[in-house]
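> Fold the following.
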Amino acid sequence: MPSFLDLLAVSPDLLALGEPTHGESAFLQLRNEAFMSLTEHGYRSIAVESDRAAGLTADEFVQGVAGVTLDRALGEGFSHGFGAAPANRDLLLRMREWNAGRPGGERLTFHGFDAPLELESAPSPRRHLDQVCRFLDLDRSAEIDDLVGDEARWSDPAAIWEPGRSVGRSTDAQRLRVLADDLLTELYLRAPWTSAGWSAAFVHATAAVAVLRYHAAAAAPLPQQERFARLAAVRDALMAENLLAIRSAEAHRGPTLVFAHNTHLQRQVSTMTLAGTGVTWAGAGAIIAALLGDRYAVIAGSLGASPALGIGPPAASTYEGRLQQQTDRPRYLPTSDIPAAEQRTHDYRYFPLDRATIEHVDAVLHVPTGVDPAVLAERIVALPGVEQVVASEEDGSPEAAWGDRFFFVGPDRRQPFATIVEHDVPGFDEAAELDRPGVFRLNVDLGRTEFERLFGFPPKAFEDHRHEFDFARLDTLAPHPGYALHGFASIVMPGPHLLPEVDRLLTIAHDRAVRRHGRAARRAAGQRD
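Coordinates of the predicted model:
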């Protein structure tokens, strides 16, 4: 059983796993591992902080729908740019692979649970209303176009922050809300005869209503700080409504894992100081907790350092600093194990742990550090006798290799025992898709014996097995797509949970390099004698 389930008092219907910041891949990678382990305990769905209507496309890929490619699923199936996260690519692929050959009731389902909007901007409901009309075979396009008018008047950020510029309470917007409500009624009336596609049409209908509600809130004549709190509250309420709808749809298939920022999942009310005034609102987690009680459980994410985000190590006196001292590996721990400490400074890249959060969650997932090339390099150069060479223009390296790191034992630098690369080599090494933002790969020289032990075939047989590997997948040990024949293996973006295995592989590669250097030194000495 996954260790974090042991920390929960009861088995929930909705298990929330939070991250304290967006952009640190370690949390998404750990989320993937958590979800796939939860499938062995009856979980059949995941809901992430992304537009629910967009998520329909991502789920079509997960279900193996013909014509929905991975690129389309990532490009159209996520909002807020989250489709660019390499770990989200892996999540969709792993879910699709798990589903292959399984009956519908056992298949994994992907959901977004956010509304189709940003805090500071929202589109018109046109796209969603058109989708519902197509499903119902109703031609209301002329009426919708007339009421929506110029799309720019809806999406203009000033329409969110200046009530007088918002269309949210205009006659057109109110008529659109009535139209959207009428379409919802029509959907229910048609349900007995139109089961196929009904759920997707319902998602679009509720998305149209959500957008119109948000615009109406944006048109309220409130002071700036109250306005921010009200819009944040409305967005969280829409998230909560979506989560309850997802939970209703998934109730007969097993529990659901939810992944989002801590602030959307926490049980306590959210607070913020704006222009010297404190404002509060109920987040999605507070709403869900009030309605589901102990059927809702929360694991809050905590972070020590993130090289990718420029977040340095925490002070030892803070909550995160105390957790850093206990282990250098990610771990789930009960809140009872976290004594009082200072709150870390909040700079809007990271929302730190505080006493209120700890008292209102069931457990904490602490990640000591995200992993980037520099973090891995520090571990490698700590091995005895290791020298690092970073490719650059000055040493004559090709531009495509600038910044790549090579690790040697001995001054001859004839053969690196490990490398960290961040670039594809066109025409030779492109399978890992290293040109994706932030992606890198660790390569290690394992030799024939360890290579065969890990992969079940010798290096010379690699080409017969190449098709078995997804070389772009994160956290997965695979033969090196270009140098497997020489006993090299690789891992794309190893997460912090893999550092012990990384250390083991590096030790093997380093030992081989030490022995190789020793043999070369003895030969050189013999030749001099």
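
> and the closest residue to P494 other than its chain neighbours, how many neighbours?
Excluding its sequence neighbours, the residue lying closest to P494 (CB to CB, 6 or more residues apart in numbering) is V502, at 5.3 Å. Where you see a C-beta, it was placed from the backbone N, CA and C, and this is true even at glycine. Neighbour count of V502, defined by other CB atoms under 10 Å: 21.

> In three-state terms, label V502 for me.
At V502, secondary structure determined by DSSP: H, G, I helix; E, B strand; the rest coil is helix.

> pLDDT value on it, please?
On pLDDT, V502 comes in at 97.

> what sits up against stretch 269-287?
Here stretch 269-287 makes contact (CB atoms under 8 Å, 6 or more residues apart in numbering) with 16, 224-226, 228-230, 232-233, 236-237, 239-240, 243, 260, 263-268, 290, 296, 298.

> Throw together a ChimeraX command that grabs the buried residues out of these.
Buried residues among the contacts of stretch 269-287 (16 or more other CB atoms under 10 Å), as a ChimeraX selection:
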select :16,225,228,229,230,232,233,236,237,239,240,243,260,263,264,265,266,267,268,296,298
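
> From the contacts of stretch 269-287, which land in strands?
16, 260, 296, 298 (DSSP state E).

> so, if you compare these, which one comes nearest to E399?
A260 (39.7 Å; CB to CB).

> D156 versus the closest one, what's the distance?
According to CB to CB, to the nearest Å, A260 and D156 sit 27 Å apart.

> what's the answer for V211, then?
Taken as CB to CB, the span from V211 to D156 is 14 Å.

> These two: which has the busier surroundings?
Using other CB under 10 Å as the criterion, V211 and D156 rank with V211 on top: 29 against 17.

> and the helix or strand hosting the more buried one, what other elements does it pack with?
Following DSSP states H and E, one finds V211 within helix 198-218. If contacts are counted by 3 or more CB pairs under 8 Å, 6 or more residues apart in numbering; DSSP states H and E, helix 198-218 sits against helix 52-62, helix 126-136, helix 158-161, helix 171-190, helix 224-250.

> got the buried residues for it?
198, 200-218.

> thinking again about what came up before, ok, of the ones in strands among the contacts of stretch 269-287, which one's closest to G83?
Out of the ones in strands among the contacts of stretch 269-287, the member with the shortest distance to G83 (by CB to CB) is A260, at 15.9 Å.

> Run through the residues that contact the closest one.
So A260 contacts 16, 18-19, 48-49, 113, 239, 284 (CB under 8 Å, 6+ apart).

> and if we set it to 10 Å?
16-19, 22, 47-50, 113-114, 239, 243, 283-285, 301 (CB atoms under 10 Å, 6 or more residues apart in numbering).

> Just the residues contacting the strand or helix carrying L323, thanks.
When secondary structure is defined by DSSP H and E, L323 falls within helix 319-324. Residues outside helix 319-324 that contact it (CB under 10 Å, 6+ apart) are 20, 302-305, 311, 313-316, 318, 331, 333, 337-344, 350, 352-355, 357-358, 364, 366-369.

> again with stretch 372-381
25, 305-309, 369, 371, 386-388, 390, 403-405, 407, 417-422, 438, 440-442, 444, 491, 493-494, 496, 499, 502-503, 506, 509-510.

> And for E387, the neighbour number?
13.

> Would you confirm that G81 contacts H22?
Yes. Using CB atoms under 10 Å, G81 is in contact with H22, at 9.4 Å.

> of these two, who's got more company?
H22 (17 against 9).

> check contacts around that one.
Taking CB under 10 Å, 6+ apart as the test, what H22 contacts is 28, 49, 80-82, 85, 260-261, 309, 349-350.

> closest to Q174 among the residues you listed?
Distances from Q174 to these, taken by CB to CB, are shortest for H80, at 28.7 Å.

> Name the SS class of that closest one, please.
Relying on three-state DSSP, one would call H80 coil.

> What's the per-residue pLDDT of I380 here?
I380 is assigned a pLDDT of 97 by the prediction.

> Next up, phi/psi of it, please.
I380 adopts backbone torsions of phi -70, psi -50, taken as degrees, to the nearest 10.

> 581 is where my numbering starts, stick with that
Done: numbering now begins at 581, and the last item shifts to I960.

> Could you report the separation of it from S605?
Distance from I960 to S605, by CB to CB: 20 Å.

> Please apply the same query to N612.
Distance from N612 to S605, by CB to CB: 10 Å.

> which residues are common contacts for these two?
Contacts common to N612 and S605, judged by CB under 10 Å, 6+ apart, are 667-668, 1054-1055, 1075.

> those strands in the stretch 581-730 of the chain, which residues are they?
594-599, 625-631, 689-694 (DSSP state E, counting those that start in this stretch).

> Quick check: which of the ones you listed is nearest to H832?
strand 625-631 (11.2 Å).

> returning to what we had before: just the ones in strands from the contacts of stretch 952-961, please.
Among the contacts of stretch 952-961, the members found in strands (DSSP E) are 885, 949, 966-968, 970, 985, 987, 998-1001, 1021-1022, 1024, 1071.

> Can you name the two of those residues that sit furthest apart?
Longest span within the ones in strands among the contacts of stretch 952-961, CB to CB: A885 and E967, 25.6 Å.

> Roughly how far does R652 sit from F584?
R652 is 33 Å from F584, by CB to CB.

> quick one: which of these two has more around it?
Neighbour count, other CB under 10 Å: between R652 and F584, F584 has more, with 22 against 15.

> Does that one touch S617 like I think?
Yes. Under the criterion of CB under 10 Å, F584 makes contact with S617 at 9.3 Å.

> Next, the buried residues of stretch 908-916.
910-913, 915.

> buried stuff in the helix or strand that contains R1095?
Element membership of R1095 [criterion: DSSP H and E] is helix 1079-1108. Buried positions in helix 1079-1108, judged by neighbour count with 16+ other CB under 10 Å: 1079, 1082, 1085-1086, 1088-1090, 1092-1094, 1096-1097.

> Report the angle between it and strand 966-970.
When axes from the mean of the first three to the mean of the last three CA atoms, to 10 degrees is applied, the directions of helix 1079-1108 and strand 966-970 differ by 100 degrees.
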